[in-house]
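In: Any chance you can model this:
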Amino acid sequence: MTQISLKDFLKKYSNLSNNFIDDFYAIYNFNESSNNDFIIDLEIISKWLNTNKSKLMETLKRSYNLNIDYNVKIQKNNKQGSGGHTKKIILLTPDCFKRLCLLSKTKKAEEVRTYFLEL
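Out: Predicted coordinates:
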């Protein structure tokens, strides 16, 4: 008996578009990490959901716990002429990513909700 991956199963037997499934799995592969790892960049999520990063950050601060659901890393730019600027990198756990998508009111977030209903 041949086993089929969840991704392939969804493509074959669900009503979700293959593009959505590919995009979702590009952000987070269920088989590569635990739900407690900080691996999903808020920058990528905001672009994928087509929403403002600052709005997502407000939701994170209001509804989730720092260093449990998400963390903030400070990256210093040491390039000459940069003036020593720093950049905040906000990383989420896969579980927080899924919950944040479920709360979002974007069109892409509606596809996420449909995805979880299909499962």
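In: just so I have it, where are all the helices in this protein?
Out: Under the criterion DSSP state H, the chain contains helices at 6-13, 18-27, 42-49, 53-63, 94-103, 107-118.
In: distance of the spatially closest residue to residue 108 that is not a sequence neighbour from residue 36?
Out: Of all residues not flanking residue 108 in the chain, residue 49 sits nearest, at 4.9 Å (Cβ to Cβ, 6 or more residues apart in numbering). From N, CA and C alone the C-beta is placed, and that goes for glycine too. For residue 49, the distance to residue 36 equals 22 Å [Cβ to Cβ, to the nearest Å].
In: Neighbour count: these two, which is higher?
Out: Neighbour tally, residue 49 and residue 36, criterion other Cβ atoms under 10 Å: the higher count belongs to residue 49, 21 against 12.
In: Not counting its neighbours along the chain, what's nearest residue 75?
Out: residue 87 (4.7 Å).
In: Now do the contacts for the one you found.
Out: 74-75, 77 (Cβ atoms under 8 Å, 6 or more residues apart in numbering).
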